[in-house]
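# Show me how the following folds:
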Amino acid sequence: MYPEKLLAPGETIAFELKPHWRALLWPAIVLVIEVFVATWAFFAFDNSIVRWIIVGAGAFILIWQVALPFLRWLTTQYVFTSRRIIVRRGLLTKQGRDMPLSKVNNVSFEVSVMGRILNYGTLEIESASDDGDLVINDVPNVEDIQRKVYELHELDDSRRRGRGNIPE
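Just a heads-up that it's a prediction; the model follows:
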């Protein structure tokens with residue numbers, strides 16, 4: 001959950017997302033295969049040096065192909081507020097990008113065949129700023145999110161223009 005203390009006064013969180021769960025499919029497959037192969041190899045050899053090599057290789061693969069992708073998924077956050085879009089990533093070092101809703105020109109999405117089956121896609125938010133477009137991959141329910149971002153943009157535009165009583 002995104003910390004409320006990092007929001008501007010009057011800014012509220014509309015919704016938060018993580019990347020689609022399909023990002024965890026490959027690490028799960030690797031984990032199952034690795035456990036099977038490493039266990040078989042460990043007990044197939046009586047030599048303790050070979051066993052240590054198997055344990056070391058297994059630990060390396062476990063960290064590189066299972067733990068790191070899981071931690072990347074866990075530490076990636078897409079936050080949509082009443083005033084901006086926030087993308088945060090990072091394990092040890094953090095990367096972040098904020099895009100004010102006032103700079104949004106267009107919101108579009110792309111869904112591949114696999115995305116249609118698993119219900120995810122790429123969200124592209126065109127910006128009027130010099131920072132360029134914001135492309136967010138692996139967005140679950142991307143068509144709904146595109147519509148919600150457009151609605152947030154319209155509400156923010158109404159708030160900035162002072163039209164009506166727009167709830168914060």
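
# Which parts of the chain are strands?
Assignment of strands within the chain using DSSP state E yields the ranges 13-17, 77-81, 84-89, 95-100, 104-110, 120-127, 134-140.

# and the gap between the residue nearest the centre of the chain and residue 139?
The residue lying closest to the centre of the chain (C-alpha atoms, centre = their mean) is residue 19, at 3.3 Å. As judged by C-beta to C-beta, to the nearest Å, residue 19 and residue 139 stand 8 Å apart. C-beta coordinates here come from the backbone N, C-alpha and C atoms, glycine included.

# Find residues that contact each of these two.
residue 78 (C-beta atoms under 8 Å, 6 or more residues apart in numbering).

# circling back: could you dump the strands of the chain into a markdown table with mean pLDDT, distance to residue 159 and mean neighbour count added?
Formatted as a markdown table, the strands of the chain follow (pLDDT from 0 to 100; distance: least, C-beta to C-beta, whole Å; neighbours: other C-beta atoms under 10 Å):
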| stretch | mean pLDDT | distance to residue 159 | mean neighbour count |
| --- | --- | --- | --- |
| strand 13-17 | 94 | 13 | 15 |
| strand 77-81 | 95 | 12 | 20 |
| strand 84-89 | 94 | 13 | 19 |
| strand 95-100 | 92 | 12 | 14 |
| strand 104-110 | 93 | 14 | 15 |
| strand 120-127 | 94 | 19 | 19 |
| strand 134-140 | 94 | 21 | 19 |
